[in-house]
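K.L.:
here is my input, please return the structure:
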Amino acid sequence: MSETQVTLAANAAARVSAIAAKQGKPAILRLSVEGGGCSGFQYKFGLADAPEEGDTIAETDGVKLLVDDVSLGLLEGSVVEYVESLGGAAFKVTNPQAASGCGCGSSFAI
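P.N.:
Numbering: from 1, shown residues only. As a prediction, the model looks like this:
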């Protein structure tokens, strides 16, 4: 496990903490990248119980963000935020490596 260049914004950390408390889980968010989506890759979020071998960890306000070593290369320099709008609320990844994305904000291309 190592330190990451992926950042968890304070508003996202607060939301993860609230969700984890409701579910009785540790405040640990896993972010990974999978093939698929409108643009070729898509972000996948989920609560985790603990870090796994090879995970990179970012921590904000006591909340951990885990990224596996395969996804890290596609996420380097990214910021994970929690945004609320008229269309709903969601975690959003601002990824400087993404050459293009889709309207939903959950998929991207490099």
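K.L.:
could you find the closest non-adjacent residue to residue 47?
P.N.:
Among residues not flanking residue 47 along the chain, residue 25 sits closest, at 5.1 Å (Cβ to Cβ, 6 or more residues apart in numbering). Yep, even glycine has a C-beta here, placed from its N, CA and C like the rest.
K.L.:
host element of that neighbour?
P.N.:
Taking DSSP states H and E as the criterion, no element holds residue 25; it sits outside all helices and strands.
K.L.:
and residue 54, by the same measure?
P.N.:
Counting by DSSP H and E, residue 54 is held by no secondary-structure element, helix or strand.
K.L.:
and it, what are its phi and psi?
P.N.:
Note on residue 54: its backbone torsions stand at phi 90, psi -10 [degrees, to the nearest 10].
K.L.:
ok so, going back, and the pLDDT at the residue nearest to residue 47?
P.N.:
The per-residue pLDDT reported for residue 25 equals 94.
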